[in-house]
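K.L.:
need a 3D model of the sequence below.
(2 chains)
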Amino acid sequence: MNAFLVILGLIAAGLIATSRPAYRLRRNRVVATIISGGWLSLLIGVILGPAVTGVVTRDSIFHSIPLVVVGLGWVGFMVGFQIRASLLFKFPAAVYRILLADLVFTIIIIGTIAYTALRYWLTDAPKIERWLPLVFIIASSIGWKLESRSVATDSNEPLAAIIRIVGTLAGAISILMFGIATKTVERNPEGLLIFEPDRAILKLLHTVMLALVLGILGRFITRLAGPRPGHQFTAFLGIVAFAAGSAKQIDASPLITAMLTGAVVANIKGMRLRQFENFIIKAEHVLAVLFGILAGILLEPALAPAAILAAIAITAARCAVKPVLFKRVALLENASIPDHRKLPQHSPFYYAAARQSPIMLVLAVSLVIIEPSVFNKQLLAMMAIVGVLSEFAPLFARRKSRDRAYEVAP
Amino acid sequence: MKSAFNALLATAALLLFVFAGNAFESSAHTPAATDALGFPIFAYPPGLVSTAKAVGFLLLAGWLFGQIASEMGFSKITGYLVLGMCTSPHVNAAVFGEHAWWVITTDQQRYLLLVNDLAIALIALTAGGKIKLGQLLSNFRSISLILMFEFTLVLIAVTFLMSVLLARSTVFEEYGGLTTTILVALVIAVVATANSPAVVIAVLAETRAKGPMADTSLAVTVCKDLLLIIVFAITLALATTAADNASVSAQSLTDAAVTVAQDASVTAEYAADPRSDSIWLKLTKQIGGSLLVGIAVGALLAWYLRRIRAHLIIVLTLGSFAIALIAEQLGLKTLIVGLVAGLLIANRYNEEKESLFESIEDLSVPIYVLFFAVAGSKINPSLLAEVWIFVVSLVVLRTIAIWSGTAIGCRLSGFQPPASRGIWTAFIPQAGISLALATIVAAQFESFAFSDKIYAILLSSIAIHELIGPILFKSALERAGEVKAQPEIR
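P.N.:
Predicted structure coming up:
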């Protein structure tokens, strides 16, 4: 059976599953956890892929790379579109403190775990081969999942908002970090990976200039198109495809170029942003399902012991440190705000910080399509394990925490 | 004019980034490259990696060229086609040399053609949605008479002209003389009868035209496309007879006719067994199967619209892809499947149709831009120089045949002016299906010396019809008073 038909059918099923009529199903937290993180799609991808049934081959995915690149561009644009200067200044200081603490923790602790694992995993490879995987693991580990419904429906608003804001900003930092790293190395005609600082700077300049030009072009086209949705959609799709495709052509991550373009578009005054927002929102679910399935198909489950140990260690570090760090830094805020706005001492939301951001799936697909190698597919599998394990860890801790939260609440 | 200048400036800026990207394109993924574990890295086929960028460029620049064309009074489709033509690999080869790196490469073109499937499915859905069965039945007489006379006259005139012109060429002597010449002329004539529902629908969508001319031209165009399948079958029967009698290369000619008969959705099994006794049965299965699948798709879409109603644009994109893929898998006609689905929704599920066709309208703009820009990129202007006498004769005679055939049909059926005066212009445009047919014909005649010539004649005439067709049709609609004063602002 045609691989595309299978994927189309699954995306359609995903659309129905995430539609309003299926809303009731998601009220159950376990079902919500499974659906919302893209992990169900990932599992379906694994079953369809060469690891289990082989219904869909990896080659068929690589041959449909233009579609995947446009999808990545769409996600990048979506993330960049949320970065608006006017909003950044309005966020409370706690957001930035939490983000900084998370960033430092991820780079130092998870970076150390990743570096050690890569040393044992890639014993024979040149050191430079560890660079991009290391950045990928760190970038994938920054921040957490934005979704909060599966943690608690009786959501404490300020904490839920902080989860979402920090998660969004962390996603942008992940894409930026990974995107810059992809520009620093490239393979020479002999197939060896080399650092090319001059070309890296030029590539970065190319990306920034492209984002600026496409942003300005976007403004020009949207003004010319008027309020007609079809024409606006053409402009949007064209910008996303051109930005992401240009990045892929130079073996860089399509995410960063599209994200910067999205940020430029979002910050240009006089843009008709509502239509663009509509397109982004409409595609959110389908992209989540698509990248979950793609990641499942692409991952290579035959992992080295170092990789499995690294996955467990990263998960343990996430679950042990991130919630505590989040809570401590968030509660620092309480000293300077009035009583009625103080953050609670106990809340299941603190445990939400342990969950890995689904942006990892997108970064991993991006890594694999930049260089479709066995090693990159194994890295994807390793980080998928972290994602799945960290997703379910808060479920066990949540009940106790919630009970304590009710005891404290007036 | 200022915005036209700005549009050109914007296209130039995009071009700069196209070239910058080309300059940066790394040498990665050479077959020798291995990953950190020593496994070989998958090497992408040439052109695949940069196709997404080409899609982005064609969407943005094509749309801008459409605006420029519109400002100059032409149809936007002409703008999309011109952009495609300007950026095609043929222009690259002519201006910069064979190996220079231009906007669209031949390798990319192969992947860009994938949009055709999506476009044809979407066009078919739209066409089906625009046909009201009640109206179709009440206008049956005019539709069938216009169709019959226009189709027959073009077929006869072009076969005659091409037979005369090709008979003067000595290349056919070694392939069976007059019989082969007439058969080849007939194949060219069949391609000449084809027109483009895509262009008609796109012009109607662009101008938001409403009236007897718009309705009838669409109905005739769509019905004619269906009729083509039957005519190809007749061509096939003729080819089989000729192949039995002629001594040289009969099999290849028969294969060609079989392949052409199946349009772009040719199935390998069908082509492999051209003289099979069950060919009519297979044809019936193809049409019957398409009808059944179309009904199923229509019912499924209607159910989705009634029960779920979410993510309509995405569902439509996926649905169109699914229609194209299912049709390809089962050897069915994408056009019929989509048409029946659209027709069913428009005529059976009244409540659901509004939201569906509104979403189709939104989605159709990028699809049309891409579809026509890619079609334009296949045009090779340099071919025209070699076969201009054939092409000019073909274009002139085809136009006269279309005009007179349509006029006779209109008169006999009592189709009234002003609509009857300009309706013939709807049958001038040729695009995707004609191009696909021409490509199949060329591929099947590949081993013959006259192959290049036939391909050049077909492509060049299609290119001319592709360019002048939308302009003529749009202006005829305006003259008939069927175009709204503010056509595009909602």
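K.L.:
could I get the contacting residues of the most centrally placed residue in chain A?
P.N.:
Against the mean C-alpha coordinate of chain A, by Cα atoms, centre = their mean, the closest residue is A:Ile359 at 0.9 Å. Neighbour list for A:Ile359: A:Val75, A:Val79, A:Ser140, A:Gly143, A:Gly171, A:Ser174, A:Ile175 [criterion: Cβ atoms under 8 Å, 6 or more residues apart in numbering or on different chains]. (C-beta placed from N, C-alpha, C; glycine too.)
K.L.:
cool, and B:Thr78?
P.N.:
B:Ala69, B:Leu467, B:Pro470, B:Ile471.
K.L.:
equivalent analysis for A:Val70, please.
P.N.:
A:Leu237, A:Val240, A:Ala241, A:Ala244, A:Gly245, B:Ala52, B:Val55.
K.L.:
model confidence at the residue nearest to the third one when sequence neighbours are not counted, what's the number?
P.N.:
So the one you mean is A:Ala241. Once flanking residues are discounted, A:Ala241 sits nearest to B:Gly56: 3.3 Å by Cβ to Cβ, 6 or more residues apart in numbering or on different chains. Looking at B:Gly56, its pLDDT stands at 92.
K.L.:
interface residues of the stretch 301-410 of chain A facing chain B?
P.N.:
Where the stretch 301-410 of chain A comes near chain B, counting by Cβ under 8 Å from any Cβ of the partner chain, the residues are A:Glu371, A:Pro372, A:Ser373, A:Val374, A:Phe375, A:Asn376, A:Gln378.
K.L.:
tell me the gap between the host helix or strand of the residue nearest to A:Ala241 and the middle of its chain.
P.N.:
Per DSSP states H and E, B:Gly56 falls inside helix B:51-71. Centre-to-centre, helix B:51-71 and its host chain are 19 Å apart (Cα atoms, centre = their mean, to the nearest Å).
K.L.:
could you do stretch A:129-139 as well?
P.N.:
Relative to the centre of its chain, stretch A:129-139 is centred 15 Å away, using Cα atoms, centre = their mean.
K.L.:
give the contact list for A:Ile175.
P.N.:
Residues near A:Ile175 by Cβ under 8 Å, 6+ apart: A:Gly76, A:Val79, A:Ala139, A:Ser253, A:Leu255, A:Ile256, A:Met259, A:Ile359, A:Leu363.
K.L.:
nearest spatial neighbour of it, skipping sequence neighbours?
P.N.:
That would be A:Leu255: by Cβ to Cβ, 6+ apart, it lies 4.6 Å from A:Ile175.
K.L.:
that neighbour is in contact with A:Val365, isn't it?
P.N.:
No. Counting by Cβ atoms under 8 Å, A:Leu255 does not reach A:Val365; the two are 9.6 Å apart.
K.L.:
number of residues surrounding residue 84?
P.N.:
Using chain A. 14 (other Cβ atoms under 10 Å in any protein chain shown).
K.L.:
wait, chain B was what I had in mind.
P.N.:
Counted with other Cβ under 10 Å, residues neighbouring B:Gly84 total 30.
K.L.:
secondary structure element holding it?
P.N.:
Per DSSP H and E: B:Gly84 is located in helix B:76-86.
K.L.:
quick one: distance of whichever strand or helix holds B:Ile400 to the chain centre.
P.N.:
For B:Ile400, the enclosing helix or strand under DSSP H and E is helix B:381-413. The chain centroid and the centroid of helix B:381-413 are separated by 18 Å, computed with Cα atoms, centre = their mean.
K.L.:
helix or strand next in line after that helix, which one?
P.N.:
Using DSSP H and E, the helix or strand that follows helix B:381-413 in sequence is helix B:419-422.
K.L.:
how far out from the middle of the chain is that next one?
P.N.:
Centroid separation for helix B:419-422 versus its chain: 24 Å, with Cα atoms, centre = their mean.
K.L.:
residues in contact with it?
P.N.:
B:211-213, B:216, B:407, B:410-411, B:475-477, B:479-480, B:482.
K.L.:
start to end distance for stretch B:103-121?
P.N.:
27 Å (Cα to Cα, to the nearest Å).
K.L.:
pull out the buried positions in it.
P.N.:
Neighbour-count burial for stretch B:103-121 flags B:103-105, B:107-109, B:111-121 (criterion: 16 or more other Cβ atoms under 10 Å in any protein chain shown).
K.L.:
among those residues, which are located in helices?
P.N.:
Counted as lying in helices by DSSP state H, out of those, are B:107-109, B:111-112, B:114-121.
K.L.:
what angle sits between the helix holding B:Gly56 and helix B:76-86?
P.N.:
Helix B:51-71 and helix B:76-86 are oriented at 130 degrees to each other (axes from the mean of the first three to the mean of the last three Cα atoms, to 10 degrees).
K.L.:
who does helix B:51-71 touch, helix- and strand-wise?
P.N.:
On a contact count with 3 or more Cβ pairs under 8 Å, 6 or more residues apart in numbering or on different chains; DSSP states H and E, helix B:51-71 meets helix A:65-81, helix A:197-225, helix A:229-249, helix B:2-24, helix B:76-86, helix B:106-112, helix B:350-377.
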